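Participant: Sequence and computational prediction follow.
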Amino acid sequence: MSVSQFKVDSHGRRTHTCGALRAEHVGQTVVLKGWVDSRRDLGGLIFVDLRDRYGITQIVFNPEHNAETAKMAESLRFEFVLSVKGTVREREVAAKHAGMPTAAIEVMADDLILLNTSEPLPFMVSAAESRETTASEDLRLKYRYLDLRRQELKNNVLLRHRVYQAVRRFYDGEDFVEVETPVLMKSTPEGARDYLVPSRVHAGKFFALPQSPQTYKQILMVAGMDRYFQIVKCFRDEDLRADRQPEFTQIDVEMTFATEDLVFETAEGMLAQIWKDVKGVDLELPFPRMTYDAAIRTYGSDKPDLRFGMELHDLNPAFKGCGFRVFDSVIDEGGAVVGFVVKGGGDTGRGKLDKLDKDIVRKKLGGGGLIHFRLPSDGSELQSSVKAEVLPTEFVQKAIEQTGAEQGDMVLVMAGAAPKVFMQMGDLRLHMAREEGLVEESADGPWKFLWVTDFPLLEYDEDEGRFFAMHHPFTSPQAEDMDKLGTDPGAVRAQAYDVVLNGSEIGGGSIRIHNSEVQRQMFDALGIDEEEAQMRFGFLLDAFRYGAPPHGGIAFGLDRIVMLLTGASSLRDVIVFPKTQSAQEPMVQSPDVVDAHQLRDLHIQLITKEDDAD
RNA sequence: GGUCCGGUAGUUCAGUUUGGUUAGAACGCCUGCCUGUCACGCAGGAGGUCGCGAGUUCGAGUCUCGUCCGGACCGCCA
């Protein structure tokens, strides 16, 4: 393709997009612009599917109609950029394209202008060819601009846009003020690793990118903003997962004079608005609520997936005094025997169960060994993995009765220290549900929302030998647990909550401490002394002394919400330019080295690996 | 930091179990034919650093070690 073949675009503006034309436009002269999605050259007639963001329209080139234009069309290839002037006409056989909105018509080309060519593609972009791409993610990320032309990713971007708009419309309507908080802020010792930004002006000092705008939004409440929200980038320098990126987007919300009920109600309204706008679905409000304790005991997780049953049962009552040493010692030591029913699992083979025990329970969950009771579907007698001489059948029967298992079912059981054993069984529950095909990620629901409430305020870290804030250090204890803060910190419940959808945590928040004395006690429990508190959070403690109102809020993971709405299996499919698992971006190839003088300006000296004694 | 899976033509994969002649297929690309296709069709052709580096061997895509890259998970992530 020589340069001379490019002409000035004398067609002027497009009259329609590639998704706009219908039967009613037949007879009109139109100008369309877009990419060659595919081309079918029949020797004489040439058909080109012209694609833009809005859709695809079939263009016909006919040598009898316009020989020069048809000749040009022979050289068209995938992803060439065209302007086409032509006449809309009825399509002879539209039936084959029932799903295509423009199927009723086609455009007979009068004139063609080649706006740009394309080299052969590293992978197929065509809407017809690759609704689900087979290209490796590596390649897709390197050529992200091509990947984003694909229907699937393009739709994710457009859906994400609609989520932004729904969020803004909702909060604006509820008197929330959108405020931008600084991206260059201050490192905080708790929580995730910070991304740091060196200061040129202040040698040896660093900004940190926000893990969330937490302290700023609290200050805004003290400042009397009353209701705040922000769609904001947050940064955490921790290892990646399919649902975890180092930079991600939060819908950040804070309200003055908030109670948990008020936060829940508002959050539900916002989520309902998203689902209404994006999916046309009316969510059932209010969402069910469950305490953290109940979630752990019933689902072995602080983010229960309610799309299926398989609830956990504490079988301690059934096995108390059963004589089976494993159970007896666990129960005596305050642990738990936990089981759940696998419906229709009564005929599961021994080999499969051994594999489950070895590969999943022991290797992956670190569990102490799986016990099973099978009730064969042919009505034959109970099969226990523990011999009746060791674990008398009467106790097993009692346990089976408690779980509600029927003939044809299986009960899986593990014993161990609580609450760890509950969480291991919770993981096993998810594993079995996937195995049994009970959960399917789908963009069409079902949508099982849930509030998990009454989180512990603190959790004990064995390695460090001290308590850490489970949510963050500004979370308010529950009033009735206040006196335990000094005596039994682990037992204090927080006014903290998560909102869970289909087993994913999509948001979390708390009612905050607004009193500097309570905040001081909290720092005390965390082992942060007066001096350190003043250094790290002095600004907040100061602010609390000037009429700080009670306040609270919540932050939602926007990327995860979009992931669930689109049915995407990875966060990378709902972020336009995501990082790989090793936190790199293959297209621009970041991170990268910088010039020596840049480092000098920043007062930074690099150390080699050998110097790095750590 | 750890466990596991993968890396072969532009792309997606087969071939690795059991080392052995010229490393195959499909799609894409190129050439020719084809006037109602819509994953158009037909015929022919070009296209390979078997991720990289060592090693074992007469001989390595295939075996061993190391390393890089991608992915899933554990640790980590209030």
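Facilitator: Yes, it's here. Numbers count the residues shown, from 1 in each chain, chains lettered A, B, ... in the order given.
Participant: so how far is RNA strand B from A:Pro304?
Facilitator: Separation of A:Pro304 from RNA strand B (CB to the nearest atom of the strand, to the nearest Å): 15 Å. C-beta here means a position set from N, CA and C on the backbone, and glycine is covered the same way.
Participant: Report whether the expected contact of that residue with A:Ala433 is present.
Facilitator: No - contact criterion CB atoms under 8 Å: A:Pro304 and A:Ala433 do not qualify, at 11.5 Å.
Participant: Give me the more crowded residue out of these two.
Facilitator: Neighbours of A:Pro304 and A:Ala433, each counted by other CB atoms under 10 Å, are more numerous for A:Pro304; the result is 24 against 18.
Participant: helices and strands of chain A: which one bottoms out on pLDDT?
Facilitator: Of all helical and strand segments in chain A, the minimum by mean pLDDT, DSSP states H and E falls on helix A:350-355, at a mean of 82.
Participant: Can you identify the element that follows it toward the C-terminus?
Facilitator: Following the chain from helix A:350-355 toward its C-terminal end, the next helix or strand by DSSP states H and E is strand A:371-374.
Participant: Would you mind pulling the contact partners of that next one?
Facilitator: A:345-348, A:353, A:382-386, A:396, A:399-400, A:405, A:410-415 (CB atoms under 8 Å, 6 or more residues apart in numbering).
Participant: Give the buried residues for the least confident helix or strand of chain A.
Facilitator: In terms of neighbour count (16 or more other CB atoms under 10 Å), helix A:350-355 has its buried residues at A:Leu353.
Participant: That helix and RNA strand B, any residue contact?
Facilitator: No - in this structure, helix A:350-355 remains apart from RNA strand B according to CB under 7 Å from any atom of the strand; the gap is never smaller than 14.1 Å.
Participant: Of the contacts of strand A:371-374, select the buried ones using a PyMOL command.
Facilitator: For the buried members of the contacts of strand A:371-374, the matching PyMOL selection, counting by 16+ other CB under 10 Å, is:
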select buried, chain A and resi 345+346+348+353+382+384+385+386+396+399+400+405+410+411+412+413+414+415
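Participant: For the stretch 201-350 of chain A, which residues are neighbours of RNA strand B?
Facilitator: Counting by CB under 7 Å from any atom of the strand, the positions of the stretch 201-350 of chain A adjacent to RNA strand B are A:211-212, A:214, A:236, A:238-244.
Participant: run the last query once more with 6 Å
Facilitator: By the rule CB under 6 Å from any atom of the strand, the part of the stretch 201-350 of chain A lying against RNA strand B is A:211-212, A:214, A:236, A:238-239, A:241-242, A:244.
Participant: For ChimeraX, write a command that selects the buried ones of the residues you listed.
Facilitator: In ChimeraX, the members of those classed as buried (16+ other CB under 10 Å) are selected with the following command:
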select /A:211,212,214,236
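Participant: Pull the most distant pair out of the residues of the stretch 201-350 of chain A next to RNA strand B.
Facilitator: Longest distance between any two of those is 25.6 Å, between A:Gln214 and A:Ala242; criterion CB to CB.
Participant: For RNA strand B, what is the nearest residue in the stretch 251-400 of chain A?
Facilitator: Among all residues of the stretch 251-400 of chain A, A:Lys364 sits closest to RNA strand B, at 6.0 Å; criterion: CB to the nearest atom of the strand.
Participant: That residue and A:Lys358, how far apart?
Facilitator: From A:Lys364 over to A:Lys358 the distance is 10 Å, taken as CB to CB, to the nearest Å.
Participant: Run through the helices of the stretch 1-150 of chain A in chain order.
Facilitator: Counting by DSSP state H, counting those that start in this stretch, the stretch 1-150 of chain A has these helices, from start to end: A:67-73, A:137-142, A:144-147.
Participant: Pull the distance from the longest one to the chain's centre.
Facilitator: Distance of helix A:67-73 from the chain centroid (CA atoms, centre = their mean, to the nearest Å) equals 49 Å.
Participant: which other helices and strands contact that helix?
Facilitator: If contacts are counted by 3 or more CB pairs under 8 Å, 6 or more residues apart in numbering; DSSP states H and E, helix A:67-73 sits against strand A:46-52, strand A:55-61, strand A:105-116.
Participant: As CSV, the ones you listed with mean pLDDT would be great.
Facilitator: Formatted as CSV, the entries for these read as follows, by pLDDT from 0 to 100:
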stretch, mean pLDDT
strand A:46-52, 96
strand A:55-61, 95
strand A:105-116, 96
